[in-house]
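A.B. asks: Structural data only, the sequence is not supplied:
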């Protein structure tokens, strides 16, 4: 009634060595891919905080720009803690913790302006529902803030690679 499946036909797909190779490839993920996945996970966590507060306040008060700003600020604090500990955990000894936080807040302020501008445009000018405007602003901020933060706020110490005992060449 059912066709017989030869064990040898299934053997390569189910073998332990092929599983080990796949696992090794997953563990040895390219650093940039791993970094992007960590950044995405951290931002998804802070997005849950952002959307939860935004939807709760919008449901109660109905002022999407103000509620978005409040939700964004709370999510920013969550995002900073997670980003600092999980995404950009490399050597930041060349900057004080205070300086990193101030730079993060400054870029978050830029993100807040971008968020409120996009929500104003999408909700008040394009007549989209607030949830759609918030989602569009989230996607725009995600990409732009990653680029800015990875290059300015959480930049690696480029001077750390210079050897202390290297002497300049004299002619």
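C.D. replies: Now that the structure is in, tell me what you want to look at. The structure presented is a predicted model; accordingly, all values stated were derived computationally and were not measured. Numbers count the residues shown, from 1 in each chain.

A.B. asks: Which per-residue confidence value corresponds to residue 45?
C.D. replies: Residue 45 carries a pLDDT value of 93.

A.B. asks: what does residue 78 give?
C.D. replies: For residue 78, the predicted pLDDT is 94.

A.B. asks: need the contact list for it.
C.D. replies: 45-46, 49 (Cβ atoms under 8 Å, 6 or more residues apart in numbering). Glycine gets a C-beta too; all of them are placed from N, C-alpha and C.

A.B. asks: Then residue 70?
C.D. replies: Residues in contact with residue 70 (Cβ under 8 Å, 6+ apart) are 53, 57.

A.B. asks: Check which helix or strand the residue nearest the centre of the chain maps to.
C.D. replies: Centroid check for the chain by Cα atoms, centre = their mean gives residue 39 as the closest residue, at 3.0 Å. Using DSSP states H and E, residue 39 falls within helix 31-61.

A.B. asks: Buried ones among the contacts of residue 78?
C.D. replies: Buried members of the contacts of residue 78, counted by 16 or more other Cβ atoms under 10 Å: 46, 49.

A.B. asks: Just the closest of the contacts of residue 78 to residue 83, please.
C.D. replies: residue 46 (8.4 Å; Cβ to Cβ).

A.B. asks: Give me the distance between that closest one and residue 85.
C.D. replies: For residue 46, the distance to residue 85 equals 13 Å [Cβ to Cβ, to the nearest Å].

A.B. asks: Now do residue 18, the pLDDT please.
C.D. replies: On the pLDDT scale, residue 18 gets 54.

A.B. asks: Can you tell me the element residue 155 falls in?
C.D. replies: Using DSSP H and E, residue 155 falls outside every helix and strand.

A.B. asks: That one: neighbouring residues, count only.
C.D. replies: Residues lying near residue 155 (other Cβ atoms under 10 Å) number 15.

A.B. asks: any idea of the pLDDT on it?
C.D. replies: Residue 155 is given a pLDDT of 79.
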